[in-house]
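**Student:** Make a model of this:
(2 chains)
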Amino acid sequence: MTGEPAADAAMVAGELRRILAEITGDDGALAAPPGTPLLRDGIGLDSVGGTVLLAEVYRRFGIDVAGEDLNLDSLATIGTLAAFVAERRPAA
Amino acid sequence: MIKCVIWDLDNTLLHGTYLESPGRPPDADRELAPALRELAGRGVLQAVASRNPPEAAEHAERVTGHRFAAVRCGWGAKSAAITGIMTELGLAAGEVAFVDDDALERAEVGYRLPGVLVLAPQDLPGALEWPDFSPPALTDEGRRRGELYRQRRVRQDEASAFGGSREDFLRYAQTRVTIAPAEPADLPRLHELSVRTHQFNSAGAELGAGELAGLLAAPDRCLAVVRLADKFGDDGIVGGCVITVAPRTWEVGFLMMSCRALGRGVIEALLGWICLRAQAAGAGEVALPCVISPRNVPLRIALTGAGFRAAAGRQDDGEAEGESGNGQRSAWYRRPLGGQLAELPSYVSAPGAWP
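**Tutor:** Residues are numbered from 1 along each chain as shown, chains lettered A, B, ... in the order given. Have a look, this model is predicted:
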C-alpha cells in the first residue's frame, strides 16, 4: 500500500543524496539531479563505493538491491535506484 | 581467517604510555613485538589504532622494526578507527583482530563491530596457534603482503593528487597487466587467492591444490593467471580464472581477483581478454556462473560493465538462476560475442599459447 510512489521516490532520492555525500565526502551530491549516473562519470563511485551504497540502502530501507537486481541496472542513476527502492518499500 | 591485526599502542604494543614518557619513549613490548613479527612473516597485515599523535606510530615502527600497513592515530572511537582501516585495506570485520589492554576499548569495539576478533594482550601468544592466524599456504605474495599494502598507500596518495582520468593515471604509473597460462609453480598462489578473495570471486568457493592440479592437466581447460606491476611495485599474481573451452561457448567456471588490484584496470582487462580470445577462437558466447551475494557486488558491477547480462538461462538446463553446489544462490552471466569488441589497453599483454 504505497500511496504516493512518486513522492516516495523523491524522498528516497533525497536520502540517497545524503548517503552519497557521506561516501564521497562531496556535498555536491546533495544537489545532484535524478539523472546523475552513480558510477564512473557522474557521482564517480567505483565498484566498492557501489557496494557501500547498497549496504547503506539495505540498512536504512531494508531493501536488498544486490540480491534482487542481478544486473544492478538500478545503479544507473540516482533516479533509477530511488525508483527501485521506492517500489519495494513496505507502506509506512 | 584473520588478514590483519590492529594494535593499540600504550601498554599494548608499547611497554608504557607514549605521551607520559616524553624524554624516553617506551620500548616495544617484549612478548607482543615478536608475536607481531611472527604474524607479519605469515602474511598477516599489521596496523595501529591508537589514542596518540601520529608520531607515536612512527616511534612504534622504529622500536618494533615493522612498518604498518595502515595507521589511525587520534582521539575518536576505536571502532571508527578500525572501520577506517578496514575500508583502506579492503577488509571485512571477520578478517580483522584487535588487540588492546583497555577492557573498555575492547567492549566498545566488540559491541559496535561484532565480527571483529577482540583480544587482550595476554591472549595473543596462545592465539598464534589458532587456525585463524595460520594462512593455508605461504606464497611469495603472502610474505610481501605488508610491503604491497604500503606501496598501495603511496600509489593512492599520488592517484588522488593526479589531475587526469583513471586511464591516464594507469599509464602514468606504468601499469603492466600480464595474462599468462598458469604454471605448476603458480598453483599455491591461485589456491590462496581462492581462499582470500570475496569481492571478486565468482564461485564463492575455494579451489583446493589437488583440484587446481587436475584443472591444469585437463585438455579442455584453460587456467590463466594475471600479474600486475607498476612503477610503485610488483604485486605478483593478483587474479586468475578457469575457462572450459568449447567450440560455441567459453565457460568461465571460476574467476577471482585480489581486492588490492581494485581500480587498476585488472578485472576489466581480464574480462575483455577472455571475450576477445573466445571470439578469435570462433566461439559465439562467454558464459560465467556467479554466486549472488552482497559481498561480490564489485564483481557483478564489473561484469555488467563488460557487457555481461544475467538472463535467459543455459540452453542445456534452462535455468538462469539457481543454487550452486554449496547451497549458495547463483546466476549465469552471459556475453554474446557478435560484432566488434573493444581492444585491450596497451598496458595489457597476454603472451603464451592459448586455445
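**Student:** So which residues on chain A come close to chain B?
**Tutor:** Residues of chain A lying close to chain B (CB under 8 Å from any CB of the partner chain) are A:39, A:46-48, A:50-51, A:54-55, A:58, A:64, A:66-67, A:70-73, A:75. Any C-beta I mention is one placed from the backbone N, CA and C, and that applies to glycine too.
**Student:** could you pull out the helices for chain A?
**Tutor:** A:5-24, A:47-61, A:65-68, A:78-88 (DSSP state H).
**Student:** now for those helices, which one comes closest to B:Val44?
**Tutor:** helix A:47-61 (21.9 Å; CB to CB).
**Student:** chain center to that closest one, what's the gap?
**Tutor:** Chain-centre distance of helix A:47-61: 8 Å, with CA atoms, centre = their mean, to the nearest Å.
**Student:** Show residues contacting that helix.
**Tutor:** A:12, A:15-16, A:19-20, A:23-24, A:38-39, A:45, A:63-66, A:72, A:75, A:81, A:85, A:89, B:90, B:199, B:259, B:262, B:294-295, B:297-299, B:301-302 (CB atoms under 8 Å, 6 or more residues apart in numbering or on different chains).
**Student:** Quick check on the residues you listed: which are buried?
**Tutor:** In terms of neighbour count (16 or more other CB atoms under 10 Å in any protein chain shown), the buried residues within these are A:12, A:16, A:19-20, A:23, A:38-39, A:45, A:63, A:65-66, A:72, A:75, A:81, A:85, A:89, B:90, B:199, B:259, B:262, B:295, B:297-299, B:301-302.
**Student:** what's the offset of stretch A:65-75 from the middle of its chain?
**Tutor:** 11 Å.
**Student:** which residues touch that stretch?
**Tutor:** Outside stretch A:65-75, the residues that touch it by CB under 8 Å, 6+ apart are A:38-39, A:50-51, A:53-54, A:57-58, A:80-81, A:83-85, A:88, B:292-294, B:297, B:300-301, B:304, B:309-311, B:321, B:329, B:331.
**Student:** For PyMOL, what selects the buried ones among these?
**Tutor:** PyMOL command restricting the contacts of stretch A:65-75 to the buried ones, with burial defined by 16+ other CB under 10 Å:
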select buried, (chain A and resi 38+39+50+51+53+54+57+58+80+81+83+84+85) or (chain B and resi 292+293+297+300+301+304+309+310+331)
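**Student:** circling back to that earlier point, can you put the helices of chain A in TSV and add mean pLDDT and distance to B:Cys222?
**Tutor:** Below are the helices of chain A laid out as TSV (pLDDT from 0 to 100; distance: least, CB to CB, whole Å):
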stretch	mean pLDDT	distance to B:Cys222
helix A:5-24	87	38
helix A:47-61	84	26
helix A:65-68	90	30
helix A:78-88	94	37
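**Student:** State the pLDDT value of the closest residue to A:Gly35 other than its chain neighbours.
**Tutor:** Among residues not flanking A:Gly35 along the chain, A:Thr77 sits closest, at 5.4 Å (CB to CB, 6 or more residues apart in numbering or on different chains). Per-residue confidence (pLDDT) for A:Thr77: 93.
**Student:** Following the record's annotation, map out the domains of chain B.
**Tutor:** Using automatic domain parsing, the domain ranges for chain B come out as B:4-133, B:165-349.
**Student:** closest to B:Ala159 out of the ones you listed?
**Tutor:** domain B:165-349 (5.3 Å).
**Student:** Skip ahead from the lowest-mean-pLDDT helix or strand in chain B and say which helix or strand is next.
**Tutor:** Least confident helix or strand, chain B: strand B:321-323 with a mean of 59, by mean pLDDT, DSSP states H and E. Counting by DSSP states H and E, the element after strand B:321-323 in chain order, helix or strand, is strand B:329-336.
**Student:** who does that next one touch, helix- and strand-wise?
**Tutor:** Based on contacts counted as 3 or more CB pairs under 8 Å, 6 or more residues apart in numbering or on different chains; DSSP states H and E, the elements that strand B:329-336 packs against are strand B:285-291, strand B:309-310, strand B:321-323.
**Student:** can you list these in JSON lines and add distance to B:Ala120?
**Tutor:** Shown next, in JSON lines, are the helices and strands packed on strand B:329-336 (distance: least, CB to CB, whole Å):
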{"stretch": "strand B:285-291", "distance to B:Ala120": "37"}
{"stretch": "strand B:309-310", "distance to B:Ala120": "46"}
{"stretch": "strand B:321-323", "distance to B:Ala120": "42"}
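**Student:** interface residues of the stretch 51-200 of chain B facing chain A?
**Tutor:** Contact residues (CB under 8 Å from any CB) of the stretch 51-200 of chain B with chain A: B:Gly90, B:Gln199.
**Student:** can you rerun that using 10 Å?
**Tutor:** B:Thr87, B:Gly90, B:Ser165, B:Arg166, B:Gln199, B:Phe200 (CB under 10 Å from any CB of the partner chain).
**Student:** so where's the longest strand in chain B?
**Tutor:** strand B:233-245 (DSSP state E).
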